[in-house]
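1. I'd like to go over a predicted model; first the sequence, then the structure.
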Amino acid sequence: MTAPTLVVISPHSAATPGLPNRPASLISAFVESRAFADVVVVNRQRPASFVRSARGGRAIVAGGLVATFRRTPSRIRLVEHPWPFGVLERRFLRGFLGAEAARAGGGVVVWVADPKSITAVAPAPTGRPSWRVVVDVYDAWDRSPLVRGDRRRRAVTDGYRAAATGADLVFSNTRAMRERLVELGARDVRLLPNACPSIDRPLTAPSDPTGLVYVGRIHERFDAALAMAVARALPDSIITIAGPVEREPAGWSALTACPNIRLLGRLDPPLAWQLISGAAALLVPHVVDDYTRSQDAMKAWDAIAFGTAVISTAIPPADGWPPGIAEVCRDRDTFVAAARRAAAGGLQDGRADRLAFAAENGWGDRAATAIRAIDGFGDVDPDAGRIAR
């Protein structure tokens, strides 16, 4: 039987370097699995960016609208278009997917990772040629302070509704997002958490792990008051904060004035991983609300892959991990106490358990779960993506 073609509609450009993200990690795992005859990534771009990138690709037309495509070194067929979400994107994507479905011997599976694009492809048209729609719902985008403008928020919420009513299969990164899609009427929602990256070098325990670190985007989700409590309780410990400041959270200026706070700004992945691997612990001082409960902090997974301890508020992923893998703190006092133990070396004994957990929860495991579900639609237990130990 001929394998299907996988078309991934992603909000992240496959050609733009940056911190690893969920769609890119899953795409890489899908390519490595060789479960699909072809993997196509479709990105929407701003017109100016599209004009620049078009010089390196070949023009194609779908639905009467132009786009470009080229092969990447990882064998992905990259399709880029400038059509905004809404009527024009729907026209382009339906034309493109119809053409793909007509020529793909094993059919087409559309994996939609951008909620604004779900309404463009779901439900799939009846009859031939057609396609199967799989939606990856991760993070409550409409509750994010970084998604600005009523039109964008409406597009996201419309996308979630379209996923619930028109998708063949829905994956969610957290139980909060799974419950939300079930409430909207989705008939088949599977849990597919984030995962640990593959580490391509030997993992040796740092001889003297030092300092506490935070790595990630900084905006309203970052609890500066909680970080301040740690900084004041541990004046002799350096707390390094790495990541772009997209919107200053309340108390940010006072926090950054502390003498033991070090700011590094955005780091490329190798430098971020180097920082995490040598730390006494990764801090995840996120506010607990509907938005952060919908998220699945990838840097926590990165830390576990290196055996580094994680100290987190009661949010995913740490609050869903087996006991002992992370320090899950329900209040400020327990968070500060965990940070104090980490700075004193008291969390190093759990390194072996963290590495064993990481070995059972890689992106290849997540891709395998997704592929089995796509192949059988209904034959896999909804909790097949559960976290193992």
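-> Yep, that arrived.

2. In terms of helix, strand or coil, where does residue 176 fall?
-> Classification of residue 176 using DSSP: H, G, I helix; E, B strand; the rest coil returns helix.

3. List the buried residues in the host helix or strand of residue 165.
-> Under the criterion of DSSP states H and E, residue 165 resides in helix 150-166. For helix 150-166, a neighbour-count test (16 or more other Cβ atoms under 10 Å) marks 153, 155-156, 158-164, 166 as buried. Just so you know, the C-beta spots here come from the backbone N, C-alpha and C atoms, and that holds for glycine as well.

4. Closest one to residue 256 out of those, please.
-> residue 153 (30.3 Å; Cβ to Cβ).

5. And the helices in the stretch 101-250 of the chain, which stretches?
-> 118-121, 150-166, 175-183, 224-233 (DSSP state H, counting those that start in this stretch).

6. The buried residues of helix 150-166 into CSV, with extra columns for distance to residue 63 and pLDDT?
-> Output for the buried residues of helix 150-166, formatted as CSV (distance: Cβ to Cβ, whole Å; pLDDT from 0 to 100):
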residue, distance to residue 63, pLDDT
153, 26, 94
155, 19, 95
156, 23, 96
158, 20, 97
159, 20, 97
160, 25, 97
161, 23, 97
162, 19, 97
163, 22, 97
164, 26, 97
166, 19, 96
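
7. Out of the residues you listed, flag the one nearest to residue 177.
-> residue 160 (9.0 Å).

8. What is the most widely separated pair among the buried residues of helix 150-166?
-> Most distant of the buried residues of helix 150-166, by Cβ to Cβ, are 153 and 166, 19.9 Å apart.

9. what residue ranges in the stretch 151-300 of the chain are flagged as low confidence?
-> 201-209 (pLDDT under 70).

10. ditto for the stretch 1-150 of the chain
-> Judged by pLDDT under 70, the stretches of the stretch 1-150 of the chain that qualify are 1, 14-19.

11. related to what we said a few turns ago, would you mind writing the CA trace of the helix holding residue 165 as CSV?
-> Output in CSV follows, covering the C-alpha atoms of helix 150-166 (Å, rounded to 0.1, in the frame of the first residue of the first chain):
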residue,chain,number,x,y,z
ASP,A,150,-9.6,41.3,17.5
ARG,A,151,-9.4,39.9,14.0
ARG,A,152,-6.5,37.6,14.9
ARG,A,153,-8.2,36.4,18.1
ARG,A,154,-11.5,35.7,16.3
ALA,A,155,-9.5,33.8,13.6
VAL,A,156,-8.0,31.6,16.3
THR,A,157,-11.3,30.9,18.1
ASP,A,158,-13.0,30.2,14.8
GLY,A,159,-10.1,27.8,14.1
TYR,A,160,-10.7,25.9,17.3
ARG,A,161,-14.4,25.6,16.5
ALA,A,162,-13.6,24.4,13.0
ALA,A,163,-11.2,21.8,14.5
ALA,A,164,-13.9,20.5,16.8
THR,A,165,-16.5,20.2,14.0
GLY,A,166,-14.5,19.5,10.9
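
12. which helices and strands sit right next to that helix?
-> Under the contact definition 3 or more Cβ pairs under 8 Å, 6 or more residues apart in numbering; DSSP states H and E, helix 150-166 sits against helix 118-121, strand 132-137, helix 175-183.

13. Apply 6 Å and report the result again.
-> If you count contacts as 3 or more Cβ pairs under 6 Å, 6 or more residues apart in numbering; DSSP states H and E, helix 150-166 packs onto helix 118-121.

14. what comes up buried for the helix it packs on?
-> Buried residues in helix 118-121 (16+ other Cβ under 10 Å): 118-121.

15. TSV for these, including distance to residue 80?
-> Formatted as TSV, the buried residues of helix 118-121 follow (distance: Cβ to Cβ, whole Å):
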residue	distance to residue 80
118	19
119	20
120	16
121	17
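
16. any idea how far the host helix or strand of residue 340 is from the chain center?
-> Under the criterion of DSSP H and E, residue 340 resides in helix 332-343. Here helix 332-343 shows a centroid-to-chain-centroid distance of 27 Å under the convention Cα atoms, centre = their mean, to the nearest Å.
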